[in-house]
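Undergrad: Give me a 3D structure for the following:
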Amino acid sequence: MMRRQVTVLGSTGSIGRQALDVVRARSDRFTLFGISANSNIDLLIEQANRWRPQYVACSRPLHPEDFPQGTTLLCGDSALAELASMDEADIVVNGISGLGAGIFALPLVLLVTDIKTASLITCIICIPLPAILGWQFRRHVRPADLRRLIPGTVAGLLLGLALLPLIPARALQTGLGGMLMAYMLWNLCAHRQAPPQARARTGWLWGSFSGALAGFIQAVGGLGGPAMGMYVQLSGWDKDRARGNMSLYFLGLSLPLVPLQFLAGYYDARVLAGLVPCLLGCCTGLLLGYPLARRIGETGFQRMLSLVIGLSGFSILIRALLDS
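TA: Next up is the predicted model:
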């Protein structure tokens, strides 16, 4: 049986190390083609000398004398995307999670208010939560990674602000619920092999489209996370770089969005009344999530979160039907 070649993006993280364990346990079926990391250079060197992959990728400079002969080094901001897009790899394991704070905030807020008020509260919540995560992953933030998203994000944000009063509440609720359920399915399958042409689709056109979609959905529903999650998956960032960049993106998006919504007259007493309890609930969930992730492992934790997202989307759809 011909062994399948595996590339592990983010090989120094928990998901990446688990993937390497699988390759080692099933060496009769798999061989390691490439590995990558963002900041843990010492462990990357150790893995390269143990596994001797054909390629090692890192956004930071690497020294050839630290790596085995025959291993090709890819360095720079595009190194991970270059490795992920290589046709020789049969399987690409990507240790990335791309979940926006609004994905978890919106279903909670919907317990106490209507969909449009909940969407506005969610946009406010998307300021402190990304700020907390951004501080924790500040060493991994790469502002240059986000430049392709800016033009589309601005256009999508302005369009969403203009159309929010015109979108029927039931249509908004149905669309957001369906999107959450679709995102659950995508996120559960996100670590399966993606076509090479899809993994390389991170140029200006794809970045502008993803930014426009995320900006528009964030403005009308506070749920720009799924659009950004798919862009992150295709960009080949390791999980820490993804979390840092995602936090910076949503913080930068929400900081102008909330004042613009306020100036447009969208905020009223219902928004303020629902904000405090929902913010406390989301912050509590954020603090409890880290110990839980360490206890059950990041892969299991991400799958559990995906199921929660799907159930949240289902509950939103049910409420849309009951409110009709």
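Undergrad: From now on I want contacts and neighbour counts done on CA atoms only, so please keep to that.
TA: Noted.
Undergrad: so which helix or strand takes in the residue lying closest to Leu248 once chain neighbours are set aside?
TA: Nearest residue to Leu248 in three dimensions, chain neighbours excluded: Gly134, at 6.1 Å (Cα to Cα, 6 or more residues apart in numbering). Assigned by DSSP states H and E, Gly134 belongs to helix 128-136.
Undergrad: Who are the packing partners of that helix?
TA: helix 239-263 (3 or more Cα pairs under 8 Å, 6 or more residues apart in numbering; DSSP states H and E).
Undergrad: Now do the helix it packs on: which elements does it pack against?
TA: helix 115-125, helix 128-136, helix 150-163.
Undergrad: Count the neighbours of the residue nearest to Leu248 for me.
TA: If you count neighbours by other Cα atoms under 10 Å, Gly134 ends up with 22.
Undergrad: what's the closest non-adjacent residue to Asp28?
TA: Arg3 (6.6 Å).
Undergrad: what's the next secondary structure element after the worst-scoring helix or strand of the chain on mean pLDDT?
TA: One helix or strand of the chain scores below all others by mean pLDDT, DSSP states H and E: helix 196-199, with a mean of 43. Counting by DSSP H and E, the element after helix 196-199 in chain order, helix or strand, is helix 204-221.
Undergrad: now the angle from that following helix to helix 239-263?
TA: Between helix 204-221 and helix 239-263, the angle formed by their directions is 50 degrees, by axes from the mean of the first three to the mean of the last three Cα atoms, to 10 degrees.
Undergrad: check contacts around Ile150.
TA: By Cα atoms under 8 Å, 6 or more residues apart in numbering, Ile150 lies in contact with Ser208, Gly211.
Undergrad: For Arg17, see how far away it is.
TA: 34 Å (Cα to Cα, to the nearest Å).
Undergrad: Tyr183 now?
TA: Applying Cα to Cα to Tyr183 and Arg17 gives a distance of 25 Å.
Undergrad: What of Arg138?
TA: Relative to Arg17, and taking Cα to Cα, Arg138 is found at 23 Å.
Undergrad: now Phe314
TA: Distance from Phe314 to Arg17, by Cα to Cα: 33 Å.
Undergrad: Of the two, give the one with the bigger neighbour count.
TA: Phe314 (20 against 16).
Undergrad: Wait, the more buried one touches Leu176, no?
TA: No - judged on Cα atoms under 8 Å, Phe314 makes no contact with Leu176 at a distance of 10.0 Å.
Undergrad: count of residues packed around Arg3?
TA: 13.
Undergrad: Who are the contact partners of it?
TA: Applying Cα under 8 Å, 6+ apart, the residues near Arg3 are Asp28, Arg29, Phe30, Thr31.
Undergrad: how about the first one, secondary structure?
TA: In three-state terms, and counting by DSSP: H, G, I helix; E, B strand; the rest coil, Asp28 is coil.
Undergrad: what's the distance between it and Gln54?
TA: Asp28 is 18 Å from Gln54, by Cα to Cα.
Undergrad: Who are the contact partners of Asn49?
TA: Contacts of Asn49 by Cα under 8 Å, 6+ apart are Phe67, Pro68.
Undergrad: Tell me which helix or strand comes right after the helix or strand harbouring it.
TA: Element membership for Asn49, per DSSP H and E: helix 41-51. Going down the chain from helix 41-51, the next helix or strand is strand 55-58, by DSSP H and E.
Undergrad: ok, and what's touching that following strand?
TA: 33-38, 48, 71-77, 79-80, 83.
Undergrad: got the buried residues for the following helix or strand past that strand?
TA: Sequence order places strand 72-75 as the next helix or strand after strand 55-58, per DSSP H and E. Neighbour-count burial for strand 72-75, counted by 16 or more other Cα atoms under 10 Å, picks out Leu73, Leu74, Cys75.
Undergrad: quick one: strand 72-75 to chain centroid distance?
TA: Taking Cα atoms, centre = their mean, to the nearest Å, one finds the center of strand 72-75 at 25 Å from the center of the full chain.
Undergrad: Start the count at 389 instead of 1 going forward.
TA: All right, first residue 389 from here; so that's strand 460-463.
Undergrad: quick check: domain ranges of this protein?
TA: 392-482, 489-711 (automatic domain parsing).
Undergrad: Let me know the average pLDDT across the shortest one.
TA: So that's domain 392-482. The average pLDDT within domain 392-482 is 84.
Undergrad: PyMOL command for the buried members of the contacts of strand 443-446?
TA: In PyMOL syntax, the buried subset of these is picked out as below (16+ other Cα under 10 Å):
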select buried, resi 421+422+423+424+425+426+436+459+461+462+463+465+467+468+471
